[in-house]
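> Need the 3D shape of this:
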Amino acid sequence: MTESQRPIKVVLGNPGLDGHDQGAKVVVRAMMDAGFEVIYTGLRQTPQQIARIALEEDVDVIALSSMAGSHLPFCRRLKPLLEADGLDDKLWVIGGNLPAQDHQALRELGFKGIFPSGSKLDDICDYIKKEVK
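Model prediction:
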């Protein structure tokens, strides 16, 4: 299989103390149905764990599902780790309970895809397909 034929590879994690994973599991299933290879890290991941898995698995997309409101501090800790591992050229996306007033700060941290609760699964998958070259 050539590089262009390989499925898009995504790591999706629930950051910090977030104990809400139903939405993340629905998104994982939608991504798999769209043909992506998905590594779901599960609940209560540290920035270090997500960065390590992203590097070890050579993913195309680093995705977070955050419902607990700690997305900005978590992303502020994750960004330098991803950059140090040379993962700043990967697509970073985040979904969940993301108030509109936080979207610009998330973009400035490098998260290009921002999907608040209620986003359509097809929109998430289509965005990733469009952005991952």
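> Quote the end-to-end distance of stretch 56-67.
For stretch 56-67, the first and last residues are 26 Å from each other (Cα to Cα, to the nearest Å).
> can you give me the offset of that stretch from its chain's centre?
4 Å (Cα atoms, centre = their mean, to the nearest Å).
> buried stuff in stretch 51-68?
51-55, 59-67 (16 or more other Cβ atoms under 10 Å). C-beta here means a position set from N, CA and C on the backbone, and glycine is covered the same way.
> Among these, name the ones in strands.
The members of these that map onto strands under DSSP state E are 61-66.
> quick one: the lowest-mean-pLDDT helix or strand in the chain to strand 61-66, angle?
Within the chain, no helix or strand scores below strand 37-45, which has a mean of 89 by mean pLDDT, DSSP states H and E. Angle of strand 37-45 versus strand 61-66, following axes from the mean of the first three to the mean of the last three Cα atoms, to 10 degrees, is 40 degrees.
> Quick one: residues in contact with strand 37-45.
Residues outside strand 37-45 that contact it (Cβ atoms under 8 Å, 6 or more residues apart in numbering) are 7-19, 21, 24-25, 28, 31-32, 49-50, 53, 57, 59.
> can I assume V10 is in contact with D58?
No. Counting by Cβ atoms under 8 Å, V10 stays clear of D58, with 11.6 Å between them.
> circling back: CSV for the buried residues of stretch 51-68, including distance to I114 and pLDDT?
Output for those, formatted as CSV (distance: Cβ to Cβ, whole Å; pLDDT from 0 to 100):
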residue, distance to I114, pLDDT
A51, 20, 96
R52, 24, 96
I53, 21, 96
A54, 18, 97
L55, 23, 97
V59, 19, 98
D60, 18, 98
V61, 14, 98
I62, 13, 97
A63, 11, 96
L64, 10, 94
S65, 12, 91
S66, 11, 89
M67, 14, 83
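> just curious, which of those is nearest to K133?
D60 (9.1 Å; Cβ to Cβ).
> Got phi/psi on that closest one?
phi -90, psi -30 (degrees, to the nearest 10).
> If the residue nearest to P7 when sequence neighbours are not counted is in a bridge, with which residues?
Among residues not flanking P7 along the chain, E37 sits closest, at 4.6 Å (Cβ to Cβ, 6 or more residues apart in numbering). Going by DSSP bridges, E37 is paired in beta bridges with K9.
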